[in-house]
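Trainee: Have a look at this prediction, sequence included:
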Amino acid sequence: MAAYAAVVSLMNVIYNIQNHPQFSITLFDEKQAESLGEKLDFLLDFIEGNHSHEMLEREIATAAYAAEDVIESHIVDQIHSGSISSLDLQTVIQDMDSVKEKVVNFKEEKGGLSKVHRQYSMSATSSTPLITGGGKSTKMVGFEEELIQLLDALTGRQPSLQIIPIVGMGGIGKTTLAKNAYEHGLIVNRFDIRAWATISQEYSLKEIFSKLLSGKGSQSADEQQLAQQLYQSLIGRRYLIILDDVWSIDAWEKMMFFFPDNNNGSRIILTTRLSNVACYFGSSSYFSLKLLDEDKSWKLFNEKAFLQERCPPELEEIGKNIAKKCKGLPLLIVVIGGLLKKSLRTQEVWENIAKDINSVLTSEEDAQSLDILSLSYSHLPAHLKPCFLYMGIFPEDSVIHVSEIIQLWIAEGLIKPNKTQSLEEVGECYLKDIVDRNLLLVGRLKLNGKIKFCTIHDLLRDLCIKAAQKEKFLYLIRFCDNPSGINKARRRILFHENFAEVNCDPLPSQTPESEPLTRSFLGYEGRLPLNVRLLRVLNVVRSNSDIDPSLNDILKQVNLRYLARNLYKSSELPSSISLLWNLQTLKIGGSERFVAPPEIWAMPQLRHLEFPVSISLPDPPLRSEEKDDDIVLKNLQTLKRVLNLKLTDEVCKRIPNVKKLKIMYFDLSKSSCYNHLYNIGKLHKLESLSVNFCGDFSVFQVLKYIVCSPPRSLGNLLKNLKFPTSLKKLTLSGSNLEWEDLTEIGLLPNLEVLRLGLHSVRGSKWNPIQWQFLRLKYLHIEYSRLKYWNAESFHFPALEKLILDTLHKLVEIPFGIGEIPTLGLIHLCDCSESAAISATRILEEQQSQGNEDLRVRIIFWSEYQLEWFKEKVASFECFNSNNLQLSHLL
């Protein structure tokens, strides 16, 4: 919602100014800032209170944006002029007063009657489910196994009352699954009473109880009387209750007392989109519906498009393509299938539909069917709505990095700070909440259980874009649009085509009368805007080096907070970068190694510095004995690909909260490396450390690693280093340790991930010691001469994944590794044949003991090696198991 985003963004601007060493004292009058803050708190409370008033929210957003424009314009002017003067906020405060007065009047008009007048427009429905299709029985297609499991749960031997939640995103088939079970002959004959009520977002307990009584309750009865009648009707009877579309635990807790446990096998099915509602009843008690695979999608599509007929051969390939484009969402498959059932069965018609599935959903009936998805957005709390709408910036089928989206949310000012968490931690909570509401899909988890990648269904992505444009939260430029006609007030501009290739400037020319107020420019590829003085987010990674402006030109936009771009014309960050008063995230790729100026140590808002090639950081300026105002980069959390970083006392004091650190040491002596890393233990918040002692590895180095020994060992160096106990992830390359040197690393109490890269450890024998690596979950060894590995399960008691890459000399994987109870994956790539056979034997043994969780994945260099290996292990019982995956690289 635009109003919430606008107010929180303004509050973040004021907060950043008040905590900035350059502006904190001189920019604002303290009383004016306090007055403005109080008004913003009031307006934010109003928005978060779910008061539905579109006009008022639009005025709030407009006033907040206007105030933000005034404040940021003043800062930009002051920076360019080289002098800082105070800003009179009186006009801004008066505008906010005007809006606040309207809100007060609105609340007074509502008075205390809001509860009395709350209209439950989506209250309980009839005692049989409301299903699209005229109430006809809906055949269960795609979730046949789930239906069998649900029937088993309904007819199981447990005599006590069982609550069975079904959870999944809107349109996934929860209601259809419940309906098929509800109407199944086995269930009809088993239960004395069956009743159905749809709860929805806003509900009336009186109507729910009435519907569950099938209208038999007294017309004049109040809520409590109906509840008692329901309770009495269920006493002593075996009953099945369906509570469809539950949106809160609160709804259940208000009615749970009126469902007696008769100890006779009664059941309640509850459908919900919210994982926290389902988990309330126990993590193992609910059905979680997932998107259909391609085969099931095609089966459901056939059922809806052709009924009892067969798909004509000439349409089968196109039909499968259409079903695939529905991305496994049953609702979309049903709607598209029903649409095609009524259309001409010609290749031309079907090919036109296949080109753009979503564009054909234009009829009122189709729109109503798909409106079910928009309910999930409508029910989001105010603070999650702008974050969800922002997901529309990613192209279709994108794998979205959670760290990237959270960094963008922060730069946009969408995260409301609190005193106990960092903005990144708050952002993680926001994202998990959206995932738990089944609006985002988990792509991959980290070993600590946090989400690393996520995806969004195309239909939900379209919902984000449509809602964002309707609320003027985001403006999408399409290929056919005229960029010169863009309104100057567009806050966020998104494009998914490459405007550089159509030779047009995506932003209007700047004139005094039409200065663009755009804050974000988001896209995949295109020209950079150079005339947007208030720009905060520039996330256009790909570039055309022939038409790109210089880095100096880009950095003239001193209001930037987030810059992600590949650049090829520069190798030095100019000193003027320090003028970017609120820069938080800097990600510059390309082919060059960058050098930072000393001024980078005077940028307190920096949170993430990431350079895919490398960046060299100078020593920070010497501390002044007379002044104690040296800037500490307390917000800095990420430093990636820093070349020859000297962790002096001063550097460690400047970056006390860094969590992720990636360093490369190139062409340095052993003593220099030690001096550079000596203070690593002083970074008490460090969680992820990657150290490469050889610089970038060329393909030649990798191919020759067997015969080319590194010039030196750094074993003594690492023995004397004290890593911070906070460390959870460690990656080493070029360290050339002895295997016994890993003893100190194994004692790190929180270490969960250990990656040993090229030339990281030398020697042929590893004898780990007990009581080390107690929390290690992920072990990755590559390009090693390791031959004998003597280990038991107690050496790595928590290991979940073992990755071995290019271990040509390894005789075997220790058999005891298979006995680790948490182990889920053994992955080998281009390892010795004997190591591959030992991995297969481990799987064979574990499956014979009933362990079906362990997977073994073996990748060979060539197809010839693969076929030869298959012949050797064809007699193994696990050879045809789905848990054994064999493939080749070439």
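Mentor: Arrived safely. The model shown is predicted, which means the values in this text are computed figures rather than measured ones.

Trainee: okay, now residue 786: neighbour count?
Mentor: 21 (other Cβ atoms under 10 Å). Glycine gets a C-beta too; all of them are placed from N, C-alpha and C.

Trainee: Now do the SS call for it.
Mentor: Assigned by DSSP: H, G, I helix; E, B strand; the rest coil, the conformation of residue 786 is coil.

Trainee: For it, report the pLDDT, please.
Mentor: We have a pLDDT of 96 for residue 786.

Trainee: again with residue 238
Mentor: Residue 238 carries a pLDDT value of 95.

Trainee: Distance check, it against residue 258.
Mentor: Distance from residue 238 to residue 258, counting by Cβ to Cβ, to the nearest Å: 17 Å.

Trainee: The two: who's more crowded?
Mentor: More neighbours surround residue 258 than the other of residue 238 and residue 258, with 20 against 15 (other Cβ under 10 Å).

Trainee: List the residues that contact that one.
Mentor: Taking Cβ atoms under 8 Å, 6 or more residues apart in numbering, we find residue 258 in contact with 209, 227, 228, 230, 231, 234.

Trainee: Surely the fourth one touches residue 214?
Mentor: Going back to what we said before, that points to residue 230. No. Here residue 230 lies out of contact with residue 214, judged by Cβ atoms under 8 Å, at a distance of 10.4 Å.

Trainee: Please identify which of those two sits among more neighbours.
Mentor: Ranked by neighbour count (other Cβ under 10 Å), residue 230 and residue 214 place residue 230 first, with 23 against 15.

Trainee: which SS class is that one?
Mentor: With three-state DSSP as the basis, the three-state label of residue 230 is helix.

Trainee: what sits against it?
Mentor: For residue 230, counting by Cβ under 8 Å, 6+ apart, the contacting residues are 209, 212, 213, 217, 258.

Trainee: same thing with residue 558?
Mentor: Counting by Cβ under 8 Å, 6+ apart, residue 558 makes contact with 76, 79, 80, 579, 580, 581.

Trainee: What segments of the stretch 301-450 of the chain are helices?
Mentor: Under the criterion DSSP state H, counting those that start in this stretch, the stretch 301-450 of the chain contains helices at 313-325, 330-341, 347-355, 364-378, 385-389, 402-412, 423-436.

Trainee: Could you do the stretch 651-800 of the chain as well?
Mentor: 670-677, 699-703, 715-720, 742-746.

Trainee: Also the stretch 501-650 of the chain?
Mentor: Going by DSSP H, counting those that start in this stretch, the stretch 501-650 of the chain shows helices at 551-554, 649-654.

Trainee: how about a markdown table for the ones you listed, with distance to residue 888 and mean pLDDT added?
Mentor: Shown next, in a markdown table, are the helices of the stretch 501-650 of the chain (distance: least, Cβ to Cβ, whole Å; pLDDT from 0 to 100):
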| stretch | distance to residue 888 | mean pLDDT |
| --- | --- | --- |
| helix 551-554 | 44 | 82 |
| helix 649-654 | 47 | 92 |
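
Trainee: Looking at these, which is nearest to residue 275?
Mentor: Set against residue 275 and scored by Cβ to Cβ, the helices of the stretch 501-650 of the chain come closest in helix 649-654, at 41.1 Å.

Trainee: what's that closest one in contact with?
Mentor: 601, 619-620, 622-623, 630-633, 645, 679, 682-683.

Trainee: of those, closest to residue 423?
Mentor: Distance to residue 423 across the contacts of helix 649-654 (Cβ to Cβ) is lowest for residue 633, with 14.8 Å.

Trainee: surely the closest one meets residue 609?
Mentor: No. Applying Cβ under 8 Å as the test, residue 633 and residue 609 come out as separate, 9.5 Å apart.

Trainee: in the stretch 451-600 of the chain, which segments are predicted with low confidence?
Mentor: Along the stretch 451-600 of the chain, segments meeting pLDDT under 70 span 478-489, 496-515, 524-530, 542-549, 569-570.

Trainee: if we can go back for a sec, got the contacts of residue 230 as a markdown table, with pLDDT and distance to residue 107 columns?
Mentor: Below are the contacts of residue 230 laid out as a markdown table (pLDDT from 0 to 100; distance: Cβ to Cβ, whole Å):
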| residue | pLDDT | distance to residue 107 |
| --- | --- | --- |
| 209 | 91 | 32 |
| 212 | 92 | 36 |
| 213 | 90 | 38 |
| 217 | 60 | 36 |
| 258 | 93 | 35 |
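
Trainee: Pick the one among those closest to residue 318.
Mentor: Of all the contacts of residue 230, residue 318 sits closest to residue 212, with 46.1 Å by Cβ to Cβ.

Trainee: Skipping adjacent residues, who's closest to the closest one in space?
Mentor: Closest residue to residue 212 apart from its sequence neighbours, by Cβ to Cβ, 6 or more residues apart in numbering: residue 195 at 4.4 Å.
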